[in-house]
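Peer 1: coordinates only, no sequence provided:
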């Protein structure tokens, strides 16, 4: 299947008093049309920065971003405005991402007006349709965000994201601020919309049970770099990178007959500021040797299963 999104050696650096923070450092990946790519990793690994750079909320420091084969990494002005209608975002905090002075009608109406693609009658019809589609009752149409619970606020954020019929949506931990019962409803809504519209998602989260449920493929990040990527089921059945193994061992299990043995990581976390070449997980890895001080590249160790670790084959045989 053709890739909707392709990124090549993408980098996003931030200047800080101590030097340069390598938030996203040389990431290459493809996301097939109509599929969901889950991005996981511990807090501060660069997941959200990656997603925001892909949709050009952040300017990339280097590398290329392709949408349907078109390089959008250096677009500006009208070209970027046009592309942004095809790429949208659902933010993590459904309260902070909505203007408190706007009613729900205003929130959903704004992108339709700014696109200059619809007349007044079409906008009116579209707003009604969008709010209904995400499960917002008509009686709440002129309510303000503070009058709603978190689940409804996030549904409004989803309605805004799909208003211009995008092809790609970056979901930045869209259910982490919600109660568990509401999480399931929002996830099901996202999956229904994906099936109806053939949407492509990048789903950023730290919740491994959520990403397993919604993703077709999963990429694991550690300090700005990809360390492993594979189909979702394969990653959970047979993780190959030592960091992924430790990450999955922390997932609570209800299987008392086959409990997961917890892997406790020791050692100092490498700083993302001016990092030295080589594996950034080496200081915490029980298998690290001198060889790990050399740059690590993603290699296909098994079919469609890529890992950036020179010891992966040895420790998984």
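Peer 2: Happy to help now that I have it. All values derive from a computational prediction rather than experimental measurement.
Peer 1: what about stretch 145-163, distance to the chain center?
Peer 2: 19 Å (Cα atoms, centre = their mean, to the nearest Å).
Peer 1: mind checking how far the residue nearest the centre of the chain is from residue 221?
Peer 2: Of all residues in the chain, the one closest to the mean position by Cα atoms, centre = their mean is residue 204, 2.8 Å from it. To residue 221, residue 204 is 9 Å away according to Cβ to Cβ, to the nearest Å. Glycine gets a C-beta too; all of them are placed from N, C-alpha and C.
Peer 1: where are the low-confidence patches of this protein?
Peer 2: Under the criterion pLDDT under 70, the flagged ranges of the chain are 1, 254-256, 258-260.
Peer 1: quick one: the strands in it?
Peer 2: All strands of the chain, identified by DSSP state E, fall at 3-16, 19-32, 36-40, 62-67, 70-71, 87-90, 168-172, 200-204, 217-222, 225-231, 299-302, 305-307.
Peer 1: please name the bridge partners of the closest residue to residue 174 other than its chain neighbours.
Peer 2: Closest residue to residue 174 apart from its sequence neighbours, by Cβ to Cβ, 6 or more residues apart in numbering: residue 90 at 4.5 Å. As for beta bridges, residue 90 partners with residue 171 under DSSP bridges.
Peer 1: and for residue 90, the neighbour number?
Peer 2: 24 (other Cβ atoms under 10 Å).
Peer 1: ok, residue 187 - contacts?
Peer 2: Taking Cβ atoms under 8 Å, 6 or more residues apart in numbering, we find residue 187 in contact with 175, 210, 213, 214.
Peer 1: find the pair from the residues you listed with maximum spatial separation.
Peer 2: The distance between the two most remote of the contacts of residue 187 (Cβ to Cβ) is 10.4 Å, for 175 and 213.
Peer 1: among those two, which residue is more densely surrounded?
Peer 2: More crowded of residue 175 and residue 213, by other Cβ under 10 Å: residue 175, with 26 against 16.
Peer 1: what bridges to the residue nearest to residue 63 when sequence neighbours are not counted?
Peer 2: In this structure, residue 63 finds its nearest non-sequential neighbour in residue 10, 3.6 Å apart by Cβ to Cβ, 6+ apart. Residue 10 has the following beta-bridge partners by DSSP bridges: residue 27.
Peer 1: neighbours around residue 10, how many?
Peer 2: Other residues close to residue 10 by other Cβ under 10 Å number 21.
Peer 1: report the buried residues of stretch 2-20.
Peer 2: 3, 4, 5, 6, 7, 10, 11, 12, 13 (16 or more other Cβ atoms under 10 Å).
Peer 1: can you give me the separation between the residue lying farthest from the centre of the chain and residue 127?
Peer 2: What lies farthest from the middle of the chain is residue 121; by Cα atoms, centre = their mean that is 34.9 Å. Using Cβ to Cβ, residue 121 is found at 11 Å from residue 127.
Peer 1: repeat for residue 288
Peer 2: The value you get for residue 288 to residue 127, if Cβ to Cβ is used, is 56 Å.
Peer 1: what's the answer for residue 279, then?
Peer 2: Applying Cβ to Cβ to residue 279 and residue 127 gives a distance of 50 Å.
Peer 1: more neighbours, the two?
Peer 2: residue 279 (27 against 21).
Peer 1: for that one, give me its contacts.
Peer 2: By Cβ under 8 Å, 6+ apart, residue 279 lies in contact with 285, 288, 292, 293, 296, 308, 309, 310.
Peer 1: the same query, at a cut-off of 10 Å, please.
Peer 2: Counting by Cβ atoms under 10 Å, 6 or more residues apart in numbering, residue 279 touches 222-223, 225, 227, 241-243, 270, 285, 288, 291-296, 308-311.
Peer 1: give me the common contacts of residue 204 and residue 221.
Peer 2: 39, 40, 41, 46, 47, 49, 50.
Peer 1: what's the closest of those to residue 158?
Peer 2: residue 39 (18.7 Å).
Peer 1: tell me what that closest one is bridged to.
Peer 2: residue 204, residue 219.
Peer 1: quick one: the closest residue to residue 148 other than its chain neighbours from residue 39, how far?
Peer 2: Using Cβ to Cβ, 6+ apart and skipping residues adjacent in sequence, the residue nearest residue 148 is residue 140, 7.0 Å away. Distance, residue 140 to residue 39, by Cβ to Cβ: 32 Å.
Peer 1: the more surrounded of the two?
Peer 2: residue 39 (30 against 16).
Peer 1: which residues does the more buried one contact?
Peer 2: Contacts of residue 39 (Cβ under 10 Å, 6+ apart): 27, 29, 45-48, 50-51, 170-173, 202-206, 211, 215, 217-221, 226, 229.
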